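Novice: structure, please.
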Amino acid sequence: MQHIRNIAIIAHVDHGKTTLVDCLLKQSGTFRANQAIATEERIMDSMDLEREKGITIRAKNAAFKYGNYHINIVDTPGHADFGGEVERAMSMIDGVLLVVDAADGPQAQTRFVLRKALEAGAKPIVVINKIDRENANPKKVLDEVFDLFVSLHATDEQLDFPFVYTSAKEGYARLDLKDNTDSMEPLFGTIVKHVPPPRAFASEGFQLLVANLDYSDYLGRIAFGKIYSGKITMGQPAVCIHGNGTKVNGKITMIYHFEGLKRIEVQEAHAGDIVGVTGFEEVFIGESIVDNPERPALPHKPIDPPTIQMEFAVNDGPLGGNDGKLVTARHLWERLVKETRTNVALRIEQTNDPKIFAVSGRGEMQIAILVEQMRREGYEVLVSRPEVLWKKDAAGNLLEPIEKLFLEIPQEHMGPIMENLAFRKAEITHMDHHNDQVTIEALIPMRGLIGFETDLMNTTRGLGVMSHLFHEYGPDRGEIAARKNGSLVSMEDGEAMAYALNMIQERGRLMVEPGDRIYKGMVVGENARDNDIPVNPCKAKKLTNMRSQGDGKGIQLNPPLKLSLERALEYIGPDEYVEATPKNLRLRKKILDETQRKRAAQHRAMKVVAY
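Specialist: Got it, this is the predicted structure:
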């Protein structure tokens, strides 16, 4: 046990965390020189979506040998929407590598993940990464990190943190900027020296706290966690203690150990090690597996509650079933149940309508990732605009989730951004000017954040940086207008015609091209004004034997507005759906028929969550 080290790597999005893990795995000799993976980049990002977006979505485990030490690494997501993944990882580890960009300094998500680590009592090692960047200022960033620790009420021991300067891309680490090294050796040494051995007990009976889940078609559910006490052997009887206190007897059918990124089957494992075990089909995160019913469970740590909810509905549009193979309510429900087996921050429930399911999560990014994965697997689904989950206090007053927003924008764009924040009922708490940049901190209702990132990108021409964290449930801030523009809604089924689109584009921005398939109730563009207009994009030019005034005039269509999935979810109104299929993203009205739409009352619905 003295030769085991369990560490997590935490960082803001895009600060080089995954590249650093690559470097540690490669330089520790985990892979043979001729192994194909040894030349790959971002090895830990195993999902296609992670590689495309450059972010970590799922917490993963790896391990490497350094001398006679076995070091387990848990890679955690940097994005606050995946906070459920971060919280679980903290129960397995004893030390954290806090990776901070030498140019950008600590960002909002750095604060979020570090707070979780300090609460768990982990020993931090600060890694100032990307010191080879042109505008890097490692000394200044180190001071900022110290201020961050102080503001998070770190203990004196945690404030006396070791730090290492690295360039994960170039593959070297330095204890002092003047050193000249060409390997990660100083970082390996710092980990072994400063991270304590696991807090575990070798002598007592077996206890394991489940911190992560996976699923195998052959063995069922695989529970990952750290062994807190005793040892575990293959085939031994065990007991799973559920969150509600019920106990289920079973048998350990397989034990996995990590070597590099591979899972190795082992016959036994000892206290302090991070392992995967199979044999319990109904085990959930936060529950304990012990050796006999008399053994007490380990403390069960609840996960932060979801704050937004979206509807997932069966695609009942005229084009439903054309692209995807998995389109029925049963398919959707089974896929959502499968997701909750491994994604604990997600909640699903059935509604009064058998074709609609309510999915709750931490943020729209988290749910958009799920929708994108489902599209790639052949599902078709309708997704509604994110709605905030409200609570009621003891007196029965409505409370809504308030987020803490951190913005960094060029000074010249400060006026329009401040106006936008006021429109979204934000309350500015701190502002700081440095050179031509302005840093703004504000408290904003979560409703006001939906769609704000798009406005920020458009206003600052992509130069604005934002991040946000859950702050508290606060009093209702009143009405916030969802969108300033109405929609251009098709009143016909058919194929989009250039002739018709040419006339429609005078009323606003188009979202379709000539040749696209259109149906009644589909949103084909954005109106320049704030009301919806029915239009006919399928109207063809009438041909006569007389020469008409329009002859010889070419049709010039402006490029259509193409929305990504996340942007579409922010963009749609409360009475609209995004239709996500393997090949297409379309926007449509929830009620396709115009007369029925007018009858449906427009009212502001609130979802209240029970404590």
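Novice: from here on, contacts and neighbour counts on C-alpha atoms
Specialist: Fine.
Novice: nearest residue to Glu311 in space, please, no chain neighbours.
Specialist: Ala358 (4.7 Å; C-alpha to C-alpha, 6 or more residues apart in numbering).
Novice: can you list contacts of the helix or strand containing the one you found?
Specialist: Under the criterion of DSSP states H and E, Ala358 resides in strand 356-361. Residues outside strand 356-361 that contact it (C-alpha atoms under 8 Å, 6 or more residues apart in numbering): 81, 305-314, 329, 333, 345-351, 367.
Novice: pull the number of nearby residues for the closest residue to Ile480 other than its chain neighbours.
Specialist: Distances taken as C-alpha to C-alpha, 6+ apart put Arg424 closest to Ile480, at 6.1 Å, once the chain neighbours are dropped. As a burial measure, Arg424 scores 23 neighbours (other C-alpha atoms under 10 Å).
Novice: next, Arg424: phi, psi?
Specialist: Backbone torsions of Arg424, given as degrees, to the nearest 10, read phi -90, psi 10.
Novice: repeat for Thr595
Specialist: Backbone torsions for Thr595, taken as degrees, to the nearest 10, come to phi -60, psi -40.
Novice: that one: how many residues sit nearby?
Specialist: Thr595 sits with 9 neighbouring residues when counted by other C-alpha under 10 Å.
Novice: tell me how far it lies from Arg507.
Specialist: According to C-alpha to C-alpha, to the nearest Å, Thr595 and Arg507 sit 22 Å apart.
Novice: how about Gln556?
Specialist: Distance, Gln556 to Arg507, by C-alpha to C-alpha: 15 Å.
Novice: looking at those two, which is more packed in?
Specialist: Arg507 (16 against 10).
Novice: returning to that earlier point: out of the contacts of strand 356-361, list just those in strands.
Specialist: 308-313, 347-350 (DSSP state E).
Novice: now neighbour count too, for the residues you listed, in TSV please.
Specialist: Formatted as TSV, those follow (neighbours: other C-alpha atoms under 10 Å):
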residue	neighbour count
Ile308	22
Gln309	24
Met310	21
Glu311	22
Phe312	24
Ala313	24
Arg347	18
Ile348	19
Glu349	13
Gln350	14
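Novice: just give me the closest of those to Pro237.
Specialist: Taking C-alpha to C-alpha as the measure, Pro237 lies nearest Arg347 of these, at 31.8 Å.
Novice: low pLDDT regions in the stretch 301-450 of the chain?
Specialist: Low-confidence segments of the stretch 301-450 of the chain (pLDDT under 70): 301-304, 342, 344.
Novice: before we move on, what about the stretch 501-611 of the chain?
Specialist: In the stretch 501-611 of the chain, residues with pLDDT under 70: 544-554, 601-611.
Novice: ok, which stretches of it are strands?
Specialist: Under the criterion DSSP state E, counting those that start in this stretch, strands of the stretch 501-611 of the chain are mapped to 508-510, 517-518, 522-527, 533-535, 576-580, 585-589, 607-608.
Novice: the third one pairs with which strands, and in what direction?
Specialist: According to DSSP bridges, the neighbouring strands of strand 522-527, each with its direction, are strand 487-490 (antiparallel), strand 508-510 (antiparallel), strand 585-589 (antiparallel).
Novice: pull out the buried positions in the second one.
Specialist: Within strand 508-510, the residues that qualify as buried by neighbour count (16 or more other C-alpha atoms under 10 Å) are 508-510.
Novice: what's across from the residue nearest to Glu311 in the sheet?
Specialist: Under DSSP bridges, the beta-bridge partners of Ala358 are Glu311, Glu349.
Novice: distance-wise, check it relative to Val113.
Specialist: As judged by C-alpha to C-alpha, Ala358 and Val113 stand 28 Å apart.
Novice: which one's more surrounded, those two?
Specialist: Set Ala358 next to Val113 and count neighbours by other C-alpha under 10 Å: Val113 wins out with 24 against 16.
Novice: hey, C-alpha coordinates of the helix or strand hosting the more buried one in PDB?
Specialist: Under the criterion DSSP H and E, the helix or strand holding Val113 is helix 108-119. Below are the C-alpha coordinates for helix 108-119, written out as PDB (Å, rounded to 0.1, in the frame of the first residue of the first chain):
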ATOM      1  CA  ALA A 108     -13.900  29.800 -13.300                       C
ATOM      2  CA  GLN A 109     -13.900  26.100 -13.900                       C
ATOM      3  CA  THR A 110     -10.500  25.800 -12.200                       C
ATOM      4  CA  ARG A 111     -12.200  27.300  -9.200                       C
ATOM      5  CA  PHE A 112     -15.100  24.800  -9.400                       C
ATOM      6  CA  VAL A 113     -13.000  21.600  -9.600                       C
ATOM      7  CA  LEU A 114     -10.400  22.800  -7.000                       C
ATOM      8  CA  ARG A 115     -13.100  23.600  -4.500                       C
ATOM      9  CA  LYS A 116     -14.400  20.000  -4.800                       C
ATOM     10  CA  ALA A 117     -10.800  18.700  -4.300                       C
ATOM     11  CA  LEU A 118     -10.100  20.800  -1.300                       C
ATOM     12  CA  GLU A 119     -13.400  19.800   0.300                       C
END
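Novice: just checking, what packs against that helix?
Specialist: Helices and strands touching helix 108-119, by 3 or more C-alpha pairs under 8 Å, 6 or more residues apart in numbering; DSSP states H and E, are strand 4-11, helix 83-90, strand 95-101, strand 465-475.
Novice: ok, which of these comes nearest Ala271?
Specialist: Nearest to Ala271, of all these, is strand 4-11, at 9.8 Å by C-alpha to C-alpha.
Novice: orientation of the closest one relative to helix 108-119 in degrees?
Specialist: Relative orientation of strand 4-11 versus helix 108-119 (axes from the mean of the first three to the mean of the last three C-alpha atoms, to 10 degrees): 150 degrees.
Novice: partners of strand 4-11, with directions?
Specialist: Using DSSP bridges, the strands paired with strand 4-11 are strand 69-75 (parallel), strand 95-101 (parallel).
Novice: and it, what's buried?
Specialist: Going by neighbour count (16+ other C-alpha under 10 Å), the buried part of strand 4-11 is 4-11.
Novice: returning to that earlier point: what's the least confident stretch among the helices and strands packed on helix 108-119?
Specialist: Per-segment mean pLDDT for the helices and strands packed on helix 108-119 reaches its minimum on helix 83-90, at a mean of 61.
Novice: run through who's touching stretch 325-333.
Specialist: For stretch 325-333, the external contacting residues (C-alpha under 8 Å, 6+ apart) are 313-315, 320-321, 354-357, 378-381.
Novice: alright, I will stop here.
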